[in-house]
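[1] fold the following, please.
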Amino acid sequence: MTESQKMRASALDEVDRRLLHMLSSNSRQTNQALADALGIAPSTCLARLKALKASGIIRRFTIDVDPEALGMPLQALVSVRLRPGARHLMGAFGKELRDVPEIKQFFVLGGADDFLIHIMARDTEHIRQFVLDHLSSNPAVAGTQTSLVFEHGRGSASGL
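    Model (predicted):
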């Protein structure tokens, strides 16, 4: 954790933490509903929300779409190892991943693997083609390992 991240985290009081927890479970709540639940004035709630966004603590609001509704019922996690001589290409490789529609999210790792990519696909052939087109064909990639996701859940931890 950087010094500025520590300062921002220590600046959060109990009301901010409760507000963030409420938003992490449902970011579509109205300001009035949030204020009522927190026991504060709507203007105070709105000011806190704006401050959390301005400080970068709240980075964005997002939605969680069911992949099956998009015709992508299969999910997989693909571990990627880059070649030792290609470590300087990690940034460029990460930027390339951002534009691939099958990718739900990816992580840059420390350890044996360099990336963990969470993808959604129509079927196993789609996963195979994804790996061939976007990973195996990349000269920076030394190897991949694909694991199918049977069930996907979220924990309640939001760091609060």
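[2] hey, let's count contacts and neighbours off CA atoms from now on
    Will do.
[3] per-domain residue ranges of the protein.
    Per the record, the chain has its domains at 3-54, 67-149, by automatic domain parsing.
[4] just tell me which of those domains ends up closest to G155.
    Of all those, it is domain 3-54 that lies closest to G155, at 10.7 Å by CA to CA.
[5] partners of the residue nearest to the spatial centre of the chain in the sheet?
    The chain has Q105 as the residue nearest its centroid, 5.5 Å off, counting by CA atoms, centre = their mean. Judged by DSSP bridges, the bridge partners of Q105 are H118.
[6] show me where pLDDT drops low in the chain?
    Along the chain, the parts satisfying pLDDT under 70 run over 1-10, 156-160.
[7] can you pull out the helices in it?
    Along the chain, the segments classed as helices by DSSP state H run 3-10, 14-25, 31-38, 42-54, 90-98, 124-130.
[8] helices or strands up against the longest one?
    The contact analysis (3 or more CA pairs under 8 Å, 6 or more residues apart in numbering; DSSP states H and E) places helix 42-54 against helix 31-38.
[9] got the buried residues for the helix it packs on?
    For helix 31-38, a neighbour-count test (16 or more other CA atoms under 10 Å) marks N31, L34, A35, L38 as buried.
[10] pretty sure S27 sits against F61.
    Yes. Judged on CA atoms under 8 Å, S27 makes contact with F61 at a distance of 6.7 Å.
[11] looking at those two, which is more packed in?
    For S27 and F61, the more surrounded residue by other CA atoms under 10 Å is S27, and the numbers stand at 14 against 10.
[12] contacts only, for V108.
    Residues counted as contacts of V108 (CA atoms under 8 Å, 6 or more residues apart in numbering) are G94, D114, F115, L116.
[13] select from the residues you listed the one having the most neighbours.
    Neighbour-wise, the contacts of V108 (other CA under 10 Å) top out at F115, 21 neighbours.
[14] ok, the closest residue to it other than its chain neighbours to V65 distance?
    Setting aside the residues directly before and after it, F115 is nearest to V108 in space (CA to CA, 6 or more residues apart in numbering), at 4.6 Å. Separation of V108 from V65 (CA to CA, to the nearest Å): 23 Å.
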